[in-house]
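Novice: curious how this folds, go ahead:
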Amino acid sequence: MIGVIACTKDDFFPFGKQTFFFEEMLGSFSHKERKNFIFYDPLQHDDSTKTFSGFQFDETWCEAESGYPGFIYDRAFSSDRNQTAILDKYRDGIAAHGACCLNPPELSKLLDCKPDFNDFLAQNNFPYLPHWFSGDKPKGNPESIYIKPFRGSGGRGIRKSASSTGTGTGNLQNEVRHFMYQEAGRLLDAEDHAFDLRILIQAVGSKYEISGSAIRMGMKGSVVSNLQSGGTAFSIEEFQSRFPAIAGELESQVSLAKRISMNCMEKLSEQFGQILEIGFDILLTRDRGPVFLEANSRPSRWMFTAIADRMESGGENARIFREMRRNCCTNPGRFLLNISSRI
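Specialist: Now for the predicted structure:
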C-alpha cells in the first residue's frame, strides 16, 4: 500500500487545492492501480493505532482504511507552527514502522529551512546568495537585502530593505530569531518586476528528469514572484518576447540553470538517497548568473496550468503546458507504483 499524506481542508474536499492534483495523479491509472493508494491526514491520525483512516479515489472520493503503508508520498504542509511541529514529529517516526518516505524526511528538513539549504549550497560549491543573522556583520556590501522567515512558502513574510541591517522593517525586528538576512540578487532587467525560474526535477524510471520549467513574475514593485502573492506564470519563450532586451542572456542562463539544478539534484540524492521530486527556484542575475534561491520538497504544478489557461489560442502551446502539468502530476504516482511492485 502507498500512503499519501496531506492536510485536509474545508474549501475543496478532502485536501483543498491539492485534491485536484491527486485526482490528476491517478487519472490515467486503472481501477486496480488506484486501489494501491490511500490518502490521509497525519494531523488526524492516532499513531498508537495500527489502522489508518483516510480516503481513496476512484472517480469519486470515499472513506477507506488500511494498515501502515510500505511507501509514503509526503505532501503534508501547514502554515501553522504547531501543526508543522506535529508533522515533523510524524515524519521522524515513519522509518520506525519500516516504511519508506519520499521525499526522505531529512531532505525535507534541509529544504524547508532556508539557512540550512543555503549552507548546503555553499559547502558543495553551488551558486547562492550569502545570508547572515541578526547581530552578524553583513557579508559583502549588498545594495539591498531580503529579510526572510527560516520556513515558509508562497512568499509570505518576505521583506526587502535598502539597509544591510534591515532597519525600517517595522515589527519584523521583534521576530529576528525566526528570520535571516540575505543579499538581494541583482536580477536581469525586467522593468522592476521580480521574477524567478522554476525547474521541476522528478524521478522517472531509473533516472532524474526535468519535467517542467517556467518563469514566475511578480507584480510591478513587488519583492516576490509567487503566484499566491499575485504573480503570473510565463513560458520562457513568452518571457523572452515580453523583455527582448534580455532574451539572449536569459536563454543562456536558463540553459546553465537546468544543468546546475540537475547537478544539485544528484548531489542531494548522494546524501539522502532516492528522491521523488524537487522544485528549484532560481534567480537570473546580472552579476552572478543563475543562483539558487530555494528548493521545495513538496512543489506545486499550478503554474503550468496557469500558463495553459492564459494562452488565448488554446492551440499547440497550451497543449504542451497541459501535457507538462499532466506528466508532472502522474510521474510521482507511477514511480511509487513501480517501486512498490518490486517489493
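Novice: show me where pLDDT drops low in the protein?
Specialist: Where the chain drops to pLDDT under 70, the residues are 152-157, 163-177, 312-314, 343.
Novice: give me the domain ranges for it.
Specialist: The record's domain parsing of the chain by automatic domain parsing lists 2-102, 110-126+188-341, 131-183.
Novice: including mean neighbour count, could those go into JSON lines?
Specialist: Where you see a C-beta, it was placed from the backbone N, CA and C, and this is true even at glycine. Below are the domains of the chain laid out as JSON lines (neighbours: other Cβ atoms under 10 Å):
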{"stretch": "domain 2-102", "mean neighbour count": "16"}
{"stretch": "domain 110-126+188-341", "mean neighbour count": "18"}
{"stretch": "domain 131-183", "mean neighbour count": "15"}
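Novice: show me what the one helix or strand G248 maps to is packed against.
Specialist: According to DSSP states H and E, G248 maps onto helix 247-272. Applying 3 or more Cβ pairs under 8 Å, 6 or more residues apart in numbering; DSSP states H and E, one finds that helix 247-272 makes contact with helix 105-112, strand 195-204, strand 207-217, helix 236-242, strand 277-285, strand 289-296.
Novice: residue ranges for the helices of the chain, please.
Specialist: All helices of the chain, identified by DSSP state H, fall at 18-26, 31-34, 81-92, 105-112, 114-123, 236-242, 247-272, 302-310, 316-341.
Novice: mind exporting the second one as PDB, just the C-alpha atoms?
Specialist: C-alpha atoms of helix 31-34 as PDB (Å, rounded to 0.1, in the frame of the first residue of the first chain):
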ATOM      1  CA  HIS A  31      -9.200   0.800 -11.000                       C
ATOM      2  CA  LYS A  32      -6.800  -1.800  -9.700                       C
ATOM      3  CA  GLU A  33      -3.800   0.600  -9.600                       C
ATOM      4  CA  ARG A  34      -5.900   3.300  -7.800                       C
END
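Novice: show residues contacting that helix.
Specialist: L26, Q56, F57, D58, L337 (Cβ atoms under 8 Å, 6 or more residues apart in numbering).
Novice: quick one: these as CSV, columns for distance to F20 too.
Specialist: CSV is the format used below for the contacts of helix 31-34 (distance: Cβ to Cβ, whole Å):
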residue, distance to F20
L26, 12
Q56, 16
F57, 11
D58, 16
L337, 20
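Novice: for those, which one is nearest F126?
Specialist: Among these, L337 lies closest to F126 (Cβ to Cβ), at 32.3 Å.
Novice: my read: the closest one touches I2, true?
Specialist: Yes: if you go by Cβ atoms under 8 Å, L337 and I2 touch, sitting 7.2 Å apart.
Novice: shared neighbours of the two, which are they?
Specialist: With Cβ under 8 Å, 6+ apart, L337 and I2 have common neighbours N36.
Novice: before we move on, back to that, out of the helices of the chain, nearest to A184?
Specialist: Closest to A184 of the helices of the chain is helix 114-123 (Cβ to Cβ; 14.1 Å).
Novice: tilt between the closest one and helix 105-112?
Specialist: Computed with axes from the mean of the first three to the mean of the last three Cα atoms, to 10 degrees, the direction of helix 114-123 lies at 100 degrees from that of helix 105-112.
Novice: to the chain's geometric centre, what's the distance from helix 114-123?
Specialist: 16 Å (Cα atoms, centre = their mean, to the nearest Å).
Novice: keeping just the C-alphas, turn stretch 123-135 into PDB.
Specialist: Extracted C-alpha coordinates of stretch 123-135, given in PDB (Å, rounded to 0.1, in the frame of the first residue of the first chain):
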ATOM      1  CA  GLN A 123      29.600  23.500   1.000                       C
ATOM      2  CA  ASN A 124      29.000  22.000  -2.400                       C
ATOM      3  CA  ASN A 125      30.100  25.000  -4.500                       C
ATOM      4  CA  PHE A 126      26.700  25.700  -6.000                       C
ATOM      5  CA  PRO A 127      25.800  29.400  -6.700                       C
ATOM      6  CA  TYR A 128      23.800  31.000  -4.000                       C
ATOM      7  CA  LEU A 129      23.200  34.400  -2.300                       C
ATOM      8  CA  PRO A 130      25.000  35.000   1.000                       C
ATOM      9  CA  HIS A 131      23.000  35.100   4.200                       C
ATOM     10  CA  TRP A 132      23.500  36.100   7.800                       C
ATOM     11  CA  PHE A 133      21.600  36.600  11.000                       C
ATOM     12  CA  SER A 134      20.600  39.400  13.300                       C
ATOM     13  CA  GLY A 135      23.700  40.800  15.100                       C
END
